[in-house]
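Student: Below is the sequence, then the predicted model.
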Amino acid sequence: MQSSKPVLLIEDDDVDAMTIRRAVEDLKVAGPLTHVTNGEEALEYLRRQGSEKPCIILLDLNMPRMNGTEFLKVVKSDEALKKIPIIVLTNSSEQCDIVSSFDLCVAGYIVKPVDYERLVQALRTIDLYWTLSELPNGGKGPRFAGTR
Amino acid sequence: MRNSKPVLLVEDDSVDAMTVRRAFKDLKVLNPLVHSINGEEALAYLRDWSNEKPCVILLDLNMPKMNGTEFLKVVKADTDLRKIPVVVLTTSREEYDIVQSFELSVAGYIVKPVNYKNFVEAIRTIDLYWTLSELPEQKWGDKDAKFKASVAD
């Protein structure tokens, strides 16, 4: 693991968040998974002095208070945050959600597989790709251990 | 990739372009590979209504006429084109290039592996990821409708 920066998960559903955490642990991720439950909380985290900026953000769309699209609009117009790659991870396979997300320049849009094994497989692919890719905050990441 | 639309490769080096084409073939990637040799040519392709829009753009940075960064600035300011994911594929591992590309919302930044085997692996990972990821069904608004109407005439 070249980068041990956190992956920020923005997800309001506790069960989904737990499942993703378990999958990430099964993949032996070295970096921490930071979990917040909506866009507002995520912005607070990202703007807090001293909080380590994540290497990537995994973003749910349907959330209370500030949903994924609203969050994307704010982040992509914020000079300090716009360069963090954001990958949508959602239950919605609606074409309007896909188009509006790519309009806001997401770096991937993945529909959560219902089956656990397939979720692990999806996270493994996300890890593989973002391990291959350089990242703007120095080094690569998220470098889930075990996939190299 | 997830759909059968073309992949647009913007690359001035003909050997590198050939390597990408060979890797696609070896991996049996079915998407047609469209090749432009600089940003200007790529924009002309993207803005020609008769061409199918690519599902993904693979972009080199150092190119004559219009380089990768200049191309990104134009594409990301174009409401019709900005939703196409752009993946940088370059020899540069300069921090400056990486940061600038992500500020322009690229969907990945991959340093070209020198070794062919590793190069194929990189293309395999790109293909795997963009097969997993959904892609926007392009609706090209009035332009497309106009084009179709003109063809129908």
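Tutor: Thanks, I have the structure now.

Student: what about residue B:118, how many neighbours?
Tutor: Neighbouring residues of residue B:118 were enumerated by other C-beta atoms under 10 Å in any protein chain shown; the total is 12. In short, each C-beta sits where N, CA and C put it, glycine included.

Student: contacting residues around the residue nearest the centre of chain A?
Tutor: Central residue check for chain A by C-alpha atoms, centre = their mean: the C-alpha nearest the mean position is that of residue A:58, 1.3 Å away. The contact partners of residue A:58, by C-beta atoms under 8 Å, 6 or more residues apart in numbering or on different chains, come to A:7-11, A:20, A:87, A:89, A:126.

Student: What residues does chain A have near chain B?
Tutor: Chain A has residues A:76, A:82-85, A:93, A:95, A:98-99, A:102-103, A:105-111, A:122, A:125-126, A:128-130, A:132-136, A:138 near chain B, with proximity defined as C-beta under 8 Å from any C-beta of the partner chain.

Student: if we can go back for a sec, which of the contacts of residue A:58 has the largest number of neighbours?
Tutor: Counting neighbours by other C-beta under 10 Å, residue A:10 comes out on top of those with 29 neighbours.

Student: returning to what we had before: would you mind writing the ChimeraX command to select the buried ones in the residues of chain A next to chain B?
Tutor: In ChimeraX, a selection of the buried entries from those looks like this (16 or more other C-beta atoms under 10 Å in any protein chain shown):
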select /A:76,82,83,84,85,98,99,102,105,106,107,108,109,110,111,122,125,126,128,129,130,132,133,134,135,136
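
Student: Dihedrals phi and psi, residue A:59?
Tutor: Per-residue torsions, residue A:59: phi -120, psi 120 (degrees, to the nearest 10).

Student: isn't residue B:19 right up against residue B:118?
Tutor: No. Taking C-beta atoms under 8 Å as the definition, residue B:19 is not a contact partner of residue B:118, at 11.3 Å.

Student: Check the offset of stretch A:116-133 from the chain's centre.
Tutor: For stretch A:116-133, the gap between its own C-alpha mean and the chain's C-alpha mean amounts to 12 Å (C-alpha atoms, centre = their mean, to the nearest Å).

Student: Correction: the previous question concerned stretch A:92-102.
Tutor: From the chain centre to the centre of stretch A:92-102 is a distance of 16 Å (C-alpha atoms, centre = their mean).
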